[in-house]
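Asker: Show me the folded form of this:
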Amino acid sequence: MDLKQLTIQLRSELEGLKANYLQQEKPENKRDKVFFEYVKEKTTPVFQLIEEWEVLASSYVKNREVNVHPQQVVSTKENLDLILMHSYYIDVKRKRYMELYRSVHYVFDLILEDL
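Answerer: Numbering: from 1, shown residues only. From the prediction side, this is the model:
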């Protein structure tokens, strides 16, 4: 998969995560084993996509194929990881969640414009 396809796929995942954050109630017990297994099942494929995206985006940045700073790729990966977990555990204020969301979207848009 190339960077453009992967970025578009992650952007679509991001929309689903945002909807989940906005519509889902906080879990009653964050230590609930069943809930943990559910979250693990839902997030594992997305974590793999994020890892793949970071490696690919870093190589594009290194080869100057996109005009994004290497630190932006690292930060975007970290922000995606946070969004992924906050979307299920709902343990961050809406303002902070939206800041992370907009930050990731901004870098995705920069990359997609360059591609």
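Asker: Now do the helices in the chain.
Answerer: For the chain, applying DSSP state H gives helices covering 3-23, 33-62, 70-89, 94-114.
Asker: what comes up buried for the longest one?
Answerer: Residues of helix 33-62 classed as buried: Val39, Thr43, Val46, Leu49, Ile50, Trp53, Glu54, Leu56, Ala57, Tyr60, Val61 (neighbour count, 16 or more other C-beta atoms under 10 Å). C-betas here are computed from N, CA, C, even on glycine.
Asker: want to throw the helices of the chain into JSON lines with mean pLDDT?
Answerer: Output for the helices of the chain, formatted as JSON lines (pLDDT from 0 to 100):
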{"stretch": "helix 3-23", "mean pLDDT": "96"}
{"stretch": "helix 33-62", "mean pLDDT": "95"}
{"stretch": "helix 70-89", "mean pLDDT": "96"}
{"stretch": "helix 94-114", "mean pLDDT": "96"}
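Asker: Distance to Thr7 for the buried residues of helix 33-62 - can I get that in CSV?
Answerer: Shown next, in CSV, are the buried residues of helix 33-62 (distance: C-beta to C-beta, whole Å):
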residue, distance to Thr7
Val39, 24
Thr43, 19
Val46, 14
Leu49, 10
Ile50, 11
Trp53, 7
Glu54, 11
Leu56, 9
Ala57, 8
Tyr60, 10
Val61, 13
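Asker: Out of those, which is nearest to Tyr89?
Answerer: Val39 (7.5 Å; C-beta to C-beta).
Asker: Nearest residue to Trp53 in space, please, no chain neighbours.
Answerer: Leu6 (5.0 Å; C-beta to C-beta, 6 or more residues apart in numbering).
Asker: Quick check: that neighbour touching Glu54?
Answerer: No. Taking contacts as C-beta atoms under 8 Å, Leu6 lies outside contact range of Glu54: 10.0 Å.
Asker: hang on, Leu17 packs against Met85?
Answerer: No. Counting by C-beta under 8 Å, Leu17 stays clear of Met85, with 9.7 Å between them.
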